[in-house]
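Chemist: Below are the sequence and a predicted model for it; my questions follow.
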Amino acid sequence: MGKLFLAKQKIFNGDGNVYAYELLFRDTAHGIAEFPGNMKATSHIIVNALTNLNIDQLLGKNGTAFINVDEQMLTSGIIDMLDKKRFILELLETIELSEKVIEKIKLYHKRGYTIAIDDFDCSIGMIKKFAPLIKHIHILKIDVMSAELQNIEAVMSKLRSAGIKFLAEKIETKEEYDKYHSIQFDLFQGYYLHKPEIVEIDGYKEVTHLIILQLIRLIKEDAETTKIEMFIKQRADLSFKLIKFLNNQESFSTPVESITQVITLLGRDKLLRWLLVYLYAEISTNPASEVILQFALNRAERMEEDAHHRDKEKAYLAGMFSLLGALFDTNIKELMNHVKMDSEITRLVIEKKGKFAPSLQKAELMEKEYLRTLIIENFDKLDPIELIYALEYSGVHIDKTK
């Protein structure tokens, strides 16, 4: 199982306290082997921050994060997924400011998002480029390595009255920190203060692009909610990611009981944008999960059939989630800590107890009977070493003298 990565770098205020973080793209534990482009890089960060991680653990209870955005990100609709209280939109200095992009920036400003400009060099060209947006900007990240001091002071003198905060970025020495602190910068970022720290994420298996595209098509065709629900229910990994995303939204605190509930709470527009982020991020899938997924689907359908009519939705989710440990190759208790699920579902998945336990045991018995027959019929084809691993993993004693 591979790992996913991103980096975060602290940004400090004038008192030396952490003001926010900048989230940075990484595709290895040591940095970037190949930069995939701004759109994919930011999508990768959003996917990991909102679905693979607990946002409070990543940023702290009330922490905020800068993320890089360009013209593609602004016009894609992905930004609408972000909590305006937790994320600051950092406009890249290379952004193409078409009329459409400018209107989008103004719209996000009106909606209450904090907007910053990255790598501002205080040159005449840069000032002219962003002049139409200055009254919509909250933070100027000034590149102190390339900007001339007299230009920095002139810009700060002119724009401070507009309520803009000034961030000195790329601070690499104590002398530089003291220098820019003395001319009253508000915020500071750089290797001298904090080097980006790598955040390693368990590489949960992802849904395939084909599945995402099919689901997007259903939403765009305005299919009935029941049809969309049935499609999502076919994939335990997609269901889990969707619920995890919902759990990370401040406005939704109700434990999840059904996929219909998730669709209703999110709304189709937000669901579509969430799916688009997955498509943009292009995080690979592991084909080996297909068999486990099919087992989960069969198990869920059997448990749904056995359940009382009031509990069919819960029983189905319980069955799908009961194989998450195997599906994501991780500790199931740790995994379930990342999602808010109905207590009966959680109890079944972690402890194999509760009202759905008899139904689960029945489904597991049917699976074992099938696998026993399959193993006997194909015993000569099986690798002895793989059998040893399977037995050891299951706690079965092996006579080492044989």
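Modeler: Noted; the coordinates are in hand. Bear in mind the structure is a predicted one, so any value in this text is a computation, not a measurement.
Chemist: Spell out, range by range, the helices that occur in the stretch 101-250 of the chain.
Modeler: Secondary structure of the stretch 101-250 of the chain (DSSP state H, counting those that start in this stretch): helices at 124-130, 149-159, 174-182, 209-220, 225-233, 236-247.
Chemist: quick one: average confidence on the second one?
Modeler: The predicted model assigns helix 149-159 a mean pLDDT of 94.
Chemist: one step back: and the helices of the stretch 101-250 of the chain as a markdown table, adding mean neighbour count and distance to residue 266?
Modeler: The way it works is simple: take the backbone N, C-alpha and C, and place the C-beta from them, glycine included. Listed next are those as a markdown table, based on neighbours: other C-beta atoms under 10 Å; distance: least, C-beta to C-beta, whole Å:
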| stretch | mean neighbour count | distance to residue 266 |
| --- | --- | --- |
| helix 124-130 | 14 | 34 |
| helix 149-159 | 15 | 39 |
| helix 174-182 | 14 | 43 |
| helix 209-220 | 15 | 11 |
| helix 225-233 | 16 | 11 |
| helix 236-247 | 23 | 6 |
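Chemist: ok, residue 266 touching residue 243?
Modeler: No - using C-beta atoms under 8 Å, residue 266 is not in contact with residue 243, being 10.4 Å away.
Chemist: Longest helix in this protein, please.
Modeler: Of all the elements of type helix in the chain, the one with the most residues (DSSP state H) is helix 357-377.
Chemist: Which strands or helices does that one pack on?
Modeler: helix 289-306, helix 312-321 (3 or more C-beta pairs under 8 Å, 6 or more residues apart in numbering; DSSP states H and E).
Chemist: okay if I get the helices of the stretch 101-250 of the chain as CSV plus distance to residue 392?
Modeler: Output for those, formatted as CSV (distance: least, C-beta to C-beta, whole Å):
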stretch, distance to residue 392
helix 124-130, 62
helix 149-159, 64
helix 174-182, 55
helix 209-220, 34
helix 225-233, 35
helix 236-247, 27
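Chemist: ranking these by mean pLDDT, which is last?
Modeler: The bottom spot among these, by mean pLDDT, belongs to helix 209-220, with a mean of 64.
Chemist: returning to that earlier point: so which of the helices of the stretch 101-250 of the chain is nearest residue 313?
Modeler: Across the helices of the stretch 101-250 of the chain, residue 313 has its closest neighbour in helix 225-233 (9.3 Å, C-beta to C-beta).
Chemist: Spatially nearest residue to residue 116, not counting backbone neighbours?
Modeler: Leaving aside its sequence neighbours, residue 116 sits nearest to residue 139 (C-beta to C-beta, 6 or more residues apart in numbering; 3.8 Å).
Chemist: what sits against the one you found?
Modeler: 88, 114, 115, 116, 117, 164, 165, 166, 167, 187 (C-beta atoms under 8 Å, 6 or more residues apart in numbering).
Chemist: which residues touch stretch 395-402?
Modeler: 388, 391, 392.
Chemist: Now the buried members of these.
Modeler: Neighbour counting by 16 or more other C-beta atoms under 10 Å classes none of those as buried.
Chemist: Nearest to residue 367, out of these: which one, please.
Modeler: Nearest to residue 367 among the contacts of stretch 395-402, with distances taken as C-beta to C-beta, is residue 391, at 17.7 Å.
Chemist: what helix or strand does that closest one sit in?
Modeler: Assigned by DSSP states H and E, residue 391 belongs to helix 384-393.
Chemist: Just the CA atoms of that helix, as PDB, please.
Modeler: What follows is helix 384-393, C-alpha atoms only, in PDB (Å, rounded to 0.1, in the frame of the first residue of the first chain):
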ATOM      1  CA  PRO A 384       2.800 -22.600   0.000                       C
ATOM      2  CA  ILE A 385       4.400 -19.400   1.200                       C
ATOM      3  CA  GLU A 386       1.200 -17.400   0.700                       C
ATOM      4  CA  LEU A 387      -0.700 -20.100   2.600                       C
ATOM      5  CA  ILE A 388       1.800 -19.900   5.500                       C
ATOM      6  CA  TYR A 389       1.300 -16.100   5.600                       C
ATOM      7  CA  ALA A 390      -2.500 -16.500   5.600                       C
ATOM      8  CA  LEU A 391      -2.400 -19.100   8.400                       C
ATOM      9  CA  GLU A 392       0.000 -17.000  10.500                       C
ATOM     10  CA  TYR A 393      -2.100 -13.900  10.000                       C
END
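Chemist: In the chain, which strand is the longest?
Modeler: Secondary structure of the chain read by DSSP state E shows that its longest strand is strand 3-13.
Chemist: which strands and helices sit next to that one?
Modeler: The helices and strands touching strand 3-13, judged by 3+ C-beta pairs under 8 Å, 6+ apart, are strand 18-25, helix 38-47, strand 187-188, strand 197-202.
Chemist: Quick one: mean pLDDT over it.
Modeler: 85.
Chemist: Taking strand 18-25 as reference, get the angle to it.
Modeler: Here strand 3-13 runs at an angle of 150 degrees relative to strand 18-25 (axes from the mean of the first three to the mean of the last three C-alpha atoms, to 10 degrees).
Chemist: Mind listing what's buried along strand 3-13?
Modeler: Of the residues in strand 3-13, 4, 5, 6, 7, 8, 9, 10, 11, 12 count as buried by neighbour count, 16+ other C-beta under 10 Å.
Chemist: I'd guessed residue 59 sits against residue 85; true?
Modeler: No - Residue 59 is beyond contact range of residue 85, at 10.8 Å (criterion: C-beta under 8 Å).
Chemist: For these two, indicate the residue with more neighbours.
Modeler: Remark: of residue 59 and residue 85, residue 59 carries more neighbours, 20 against 11, as counted by other C-beta atoms under 10 Å.
Chemist: distance of the residue nearest to residue 116 from residue 181?
Modeler: Shown here: residue 139 relative to residue 181, a distance of 17 Å by C-beta to C-beta, to the nearest Å.
Chemist: and what of residue 121?
Modeler: Distance of residue 121 to residue 181, given as C-beta to C-beta: 20 Å.
Chemist: how much space between residue 387 and residue 100?
Modeler: Distance check for residue 387 against residue 100: by C-beta to C-beta, it reads 61 Å.
Chemist: Check the gap between the closest residue to residue 311 other than its chain neighbours and residue 239 for me.
Modeler: Distance criterion C-beta to C-beta, 6+ apart; nearest residue to residue 311, sequence neighbours excluded, is residue 355 at 7.2 Å. Residue 355 sits 20 Å away from residue 239, going by C-beta to C-beta.
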